[in-house]
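> based on what follows, work out the 3D shape:
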Amino acid sequence: MYGSTFNPARSQVPPVPMQQPTSLFRFGEQSIWSTLFMPGNVAPNQSNRLFSVALGNQGQGFANALSIAETNLKEGGRVPNGVAYDVFGVACQLYHMDTVGDTGDFDVPADQQVLIADLQNVICNGVLRWNFTQTVIDIAPIALIGAGGGLFGAVAQNAAGANSGAMNNGNGHVWMYRKHPVMLPGATAFTILLDFGTRVANISANNALAAKVTLIGYYKNVIEIG
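Here you go, the predicted model:
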């Protein structure tokens with residue numbers, strides 16, 4: 001017999017296993033994001049899927065491959081096998097591209113009435129919803145979902161050289177699922193829908209718009225060691 005049964009602290013003895021473990025759990029925090037492209041001069045489709053296209057592939061309105069700025073998904077439309085992901089926050093960022101199609105740059109400040117109207121159009125008409133294969137669960141209107149920081153959003157032009165306004169997209173700072181995370185077990189098939197009502201207007205003719213949705217959460221996966 002090794003050691004002693006005497007425990008001066010009178011605390012409970014930890015449950016040490018009688019054999020070497022064959023797997024370990026690994027935990028960590030990570031964000032997952034996906035972007036929808038909305039071309040200029042047309043109204044957005046009334047139902048659009050995000051998180052369905054992986055990094056390096058085409059889709060979600062983009063004619064060219066999605067880069068790391070648009071998504072970090074390794075596999076479109078589902079959680080990888082062996083990984084569980086719990087979502088405790090959702091963000092939605094809106095920004096402009098300087099061409100009608102996705103061949104330009106996302107560097108257009110919303111300093112004109114028509115560009116501010118683009119943002120208002122999407123914010124006021126857009127709704128985010130979970131889509132689990134055959135089950136759809138509403139999240140919230142975009143107006144209630146925080147956008148995070150960054151130099152994007154509505155800036156009013158009062159006169160030449162005199163711009164002013166809030167440097168965000170006007171969304172509230174409400175982060176969904178702060179108390180009750182959404183649990184996504186490994187291999188779960190899911191997308192997020194960005195749906196619009198019947199009153200959504202056309203995006204401005206000379207610019208395009210994009211919506212980036214970010215899931216903020218933590219993951220757990222199993223590492224086989226034996």
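
> which parts of this protein are helices?
113-125 (DSSP state H).

> give the contact list for the nearest residue to Pro44 once chain neighbours are set aside.
Closest residue to Pro44 apart from its sequence neighbours, by CB to CB, 6 or more residues apart in numbering: Met38 at 4.7 Å. Bear in mind the C-beta positions are built from the backbone N, C-alpha and C, glycine included. Contacts here follow CB atoms under 8 Å, 6 or more residues apart in numbering; on that basis Met38 touches 44, 61, 122, 203, 208-211.

> please report how far Met38 lies from Lys212.
With distances taken as CB to CB, to the nearest Å, Met38 is found 12 Å from Lys212.

> just give the number of residues close to Ile203.
Neighbour count for Ile203, taken as other CB atoms under 10 Å: 24.

> ok, the one 3 residues further on next?
Residues lying near Asn206 (other CB under 10 Å) number 14.

> contact partners for it?
Per CB under 8 Å, 6+ apart, neighbours of Asn206: 40, 100.

> Asn221 and Ala84 touch, don't they?
Yes - taking contacts as CB atoms under 8 Å, Asn221 lies within contact range of Ala84: 7.3 Å.

> shared neighbours, the two?
In contact with both Asn221 and Ala84: Gly186, using CB under 8 Å, 6+ apart.

> these two: which is more packed in?
Using other CB under 10 Å as the criterion, Asn221 and Ala84 rank with Ala84 on top: 20 against 17.

> per-residue pLDDT of the more buried one, please?
In this prediction, Ala84 carries a pLDDT score of 84.

> same check on Leu55?
Leu55 is given a pLDDT of 94.

> so where is the protein shaky, pLDDT-wise?
Scanning the chain for pLDDT under 70 picks out 1-25, 149-175, 222-226.

> need the contact list for Gln58.
64-66.

> top of the residues you listed by number of neighbours, please.
Going by other CB under 10 Å, Leu66 tops these with 23 neighbours.

> distance of that residue relative to Leu115?
From Leu66 to Leu115 the distance is 24 Å (CB to CB).

> and if you look at Gly82?
Using CB to CB, we find Gly82 at a distance of 44 Å from Leu115.
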